[in-house]
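[1] for reference, the sequence and a predicted model appear below.
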Amino acid sequence: IDGLRFAVVGFGFMGRTHAGAFLNVPSCRLVSVVDRRPNCLEMDAGRDGNIDTGGSGLMSDRSELEVFDAVGPMLRGPEIDFAIVTTPTPSHVDIAMELLEAGCHVLIEKPVSLEVSEIQSLDRAAQERNRIAMPAHCMRFWPAWAWMRRRILDGSFGAVRRASFLRTGAVPSWSPEFYLDSEKSGGAIVDLHIHDTDFVIHCFGVPTAVESSGSRSNVLTRYHFDGGPEVEAVGAWLEDPEAPFTMRARMEFEHCEINFDLGSEPEIEVRSPDGVSTARPEASQGGSGYEVQARAFVDAIRAGGSSSPVLLEDAIRTGRVLEAELESIESGTRVQVRVE
């Protein structure tokens, strides 16, 4: 496969973010956009989202770009190889199914669905059609986080004893009719905290049990592993509308401590037992997590589309852990994680 033509379904903040990332991949061309707003290309999405992802100014050449108001007409338009689905969560699976049936590979913004059974159905459909349907779990590709995971796997700092994650921000002011309706968005635990739950699984495997407290909007979870490290994560939408977005991680190894702080320069510091901190700017090199994710997705398509760097099985496992977290919040007890 040489040049790849793609479409974006839902051209808001995340649609523009992913489009910008893929346009930085050689030989990828955006040819179609699906959005109910006819002026979506002219709309400024730069103030939406938690961080500046660089997607607001990506549309410099629109001469060959077509806009459609639904997926069906788009599929009868210019031929595409893959599509990115960034619509509100309840529509993800139906749209992805339609795209798979048309022979397209699909990248689906997280959460793929609030219902694990729907993700399972989508997984079966993708496998039957030999197409990639990849959940956009971008933290797996964030250079500094991938660097931290490599230190876990290679054992160069010794075994991990403890790990903690913090992800907070103001209650989303964009699309309040979606985000503030937990039946649609799932709340902060599914929209925000999901990143850390998925990364915990990526690093340490599926926990045997979880203990969670708080609410859908503000959760503290302790993940339990048989013989494993102590791991916890906080995810919250804060009431202060001016609250900055915060993303931090700390990992305590046998021989040192790693600290990550988004917005710090550098993002990663390694502290020795005697308290000496060493900056590790090389850990953050390689582009944004969205760009690395885009390259990995495209590489998988060019390799024949038989495997994906992130599987819907991964989204299913993360969904099961989140279900256990919600059950723990409601019951006030430790809950076993059930993974089929």
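    On my side now, so go ahead.
[2] go ahead and flag the most central residue of the chain.
    A centroid search over the chain (Cα atoms, centre = their mean) returns residue 137, at 2.9 Å, as the residue closest to the centre.
[3] buried sites along whatever helix or strand residue 163 lives in?
    Using DSSP states H and E, residue 163 sits within strand 160-170. By neighbour count on 16 or more other Cβ atoms under 10 Å, the buried set for strand 160-170 is 160, 163, 164, 165, 166, 167, 168, 169. All C-beta spots, glycine's among them, are computed from the backbone N, C-alpha and C.
[4] likewise for stretch 179-189?
    Under the neighbour-count criterion of 16+ other Cβ under 10 Å, stretch 179-189 has 179, 182, 184, 185, 186, 187, 188, 189 buried.
[5] between the two ends of it, how far is it?
    12 Å (Cα to Cα, to the nearest Å).
[6] just give me how far it sits from the chain centre.
    16 Å (Cα atoms, centre = their mean, to the nearest Å).
[7] what residues does that stretch touch?
    88-90, 111, 114, 171-172, 178, 191, 215-219, 235-237, 322, 325-326 (Cβ atoms under 8 Å, 6 or more residues apart in numbering).
[8] how does it look with 6 Å?
    Defining contact as Cβ atoms under 6 Å, 6 or more residues apart in numbering, one finds that stretch 179-189 is touched by 90, 114, 172, 178, 191, 216, 217, 219, 235, 236, 237.
[9] how about those, which pair is most distant?
    90 and 236 (23.2 Å; Cβ to Cβ).
[10] more neighbours: which of those two?
    Each of residue 90 and residue 236 has its neighbours counted (other Cβ atoms under 10 Å); residue 236 has more, 22 against 16.
[11] hmm, residue 168 and that one touching each other?
    Yes: Residue 236 is in contact with residue 168 according to Cβ atoms under 6 Å; the separation is 4.6 Å.
[12] about what we covered before: in strands, which of the contacts of stretch 179-189 appear?
    Judged by DSSP state E, strands contain the following of those: 219, 235, 236, 237.
[13] can you pick the most crowded of those residues?
    Neighbour-wise, the ones in strands among the contacts of stretch 179-189 (other Cβ under 10 Å) top out at residue 235, 28 neighbours.
[14] any chance of the ones in strands among the contacts of stretch 179-189 in a markdown table, with distance to residue 132 and pLDDT too?
    Shown next, in a markdown table, are these (distance: Cβ to Cβ, whole Å; pLDDT from 0 to 100):
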| residue | distance to residue 132 | pLDDT |
| --- | --- | --- |
| 219 | 31 | 98 |
| 235 | 28 | 98 |
| 236 | 33 | 97 |
| 237 | 32 | 96 |
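[15] distance to residue 18 added to the residues you listed, as CSV?
    Formatted as CSV, the ones in strands among the contacts of stretch 179-189 follow (distance: Cβ to Cβ, whole Å):
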residue, distance to residue 18
219, 26
235, 22
236, 25
237, 23
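[16] which element is residue 293 on?
    In the assignment (DSSP H and E), residue 293 maps to helix 289-302.
[17] so what secondary structure elements neighbour that helix?
    helix 13-23 (3 or more Cβ pairs under 6 Å, 6 or more residues apart in numbering; DSSP states H and E).
[18] for the helix it packs on, the distance to its chain's centre please.
    Worked out by Cα atoms, centre = their mean, helix 13-23 lies 13 Å from the chain centre.
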